[in-house]
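A.B. asks: Please find the sequence and the predicted model below.
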Amino acid sequence: MTPAVTPAATPEVAGADTPAHGRFVVVPAAYVFLLRDGATPDGASEVLLQLRQGTGYMDGHWAAAAAGHVEAGETAYDAARRESAEEIGVSDIALRFVTAMHRTRHDLPIDERIDFFFTARSWSGEPRIVEPAKCAALRWCPLDALDDLPQPVVPHERVVLAGLHDGTIESYTTFGF
């Protein structure tokens with residue numbers, strides 16, 4: 001008879017990137033695109049983007065106004081609310097789930113991601129830069145003019161923006177496969 005395996009018998013991490021069980025680890029993150037309707041002269045929707053800096057990931061790229069890793073014991077919704085407060089100072093955010101994106105990079109030994117994307121059209125507070133060491137700028141951009149977005153945009157986030165723009169975003173998407 002094979003003895004039962006208990007969590008105490010199988011440590012979670014054998015090395016920095018290799019779990020003891022030999023499987024890859026999926027890193028979850030939550031992203032929030034703030035949207036406002038009718039803000040342009042032609043009544044189009046706008047999306048709030050941030051210019052990343054000092055994070056070590058995609059610095060110099062435009063990205064969702066708020067985003068970050070889901071912490072242990074936290075839901076993706078909770079992470080989206082927390083990141084929105086921490087990064088852009090908004091609360092009471094009315095989140096709408098958009099898509100879960102399974103993402104990978106084959107050039108790295110272990111880089112498997114699951115990204116949960118949300119939009120919000122209602123919140124309390126004026127969006128502002130709360131972490132200036134990580135965000136160089138915030139900018140409202142027309143969602144109907146993807147070619148006019150500031151460049152460069154984080155590639156996997158641009159896929160979601162394109163799907164939001166043309167209404168083709170699916171509840172499950174992939175990137176990098």
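C.D. replies: On my side now, so go ahead. Numbering: from 1, shown residues only.

A.B. asks: where along the chain do the helices fall?
C.D. replies: Remark: helices assigned in the chain by DSSP state H are 76-88, 155-166.

A.B. asks: what residues does the shortest one touch?
C.D. replies: Okay, so that is helix 155-166. The contact list for helix 155-166, computed with CB atoms under 8 Å, 6 or more residues apart in numbering, reads 31, 33, 47, 63-64, 98-99, 101, 103, 115, 117, 119, 143-144, 146, 149, 153, 168-170, 173, 175-176. Bear in mind the C-beta positions are built from the backbone N, C-alpha and C, glycine included.

A.B. asks: Low-confidence stretches in the protein?
C.D. replies: When residues are selected by pLDDT under 70, those of the chain lie in 1-22, 106-110.

A.B. asks: For the residue nearest the centre of the chain, give me its contacts.
C.D. replies: Taking CA atoms, centre = their mean, the centroid of the chain lies closest to Tyr31, which sits 2.7 Å from it. Residues in contact with Tyr31 (CB under 8 Å, 6+ apart) are Ala64, Ala66, Ala67, Ala80, Asp115, Phe116, Phe117, Phe118, Glu157, Val160.

A.B. asks: if we can go back for a sec, can you put the helices of the chain in JSON lines and add mean neighbour count?
C.D. replies: Shown next, in JSON lines, are the helices of the chain (neighbours: other CB atoms under 10 Å):
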{"stretch": "helix 76-88", "mean neighbour count": "20"}
{"stretch": "helix 155-166", "mean neighbour count": "18"}
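
A.B. asks: how about those helices, which one is nearest Ala94?
C.D. replies: Ranking the helices of the chain by their distance to Ala94 (criterion: CB to CB) puts helix 76-88 first, at 10.3 Å.

A.B. asks: Sounds good, over and out.
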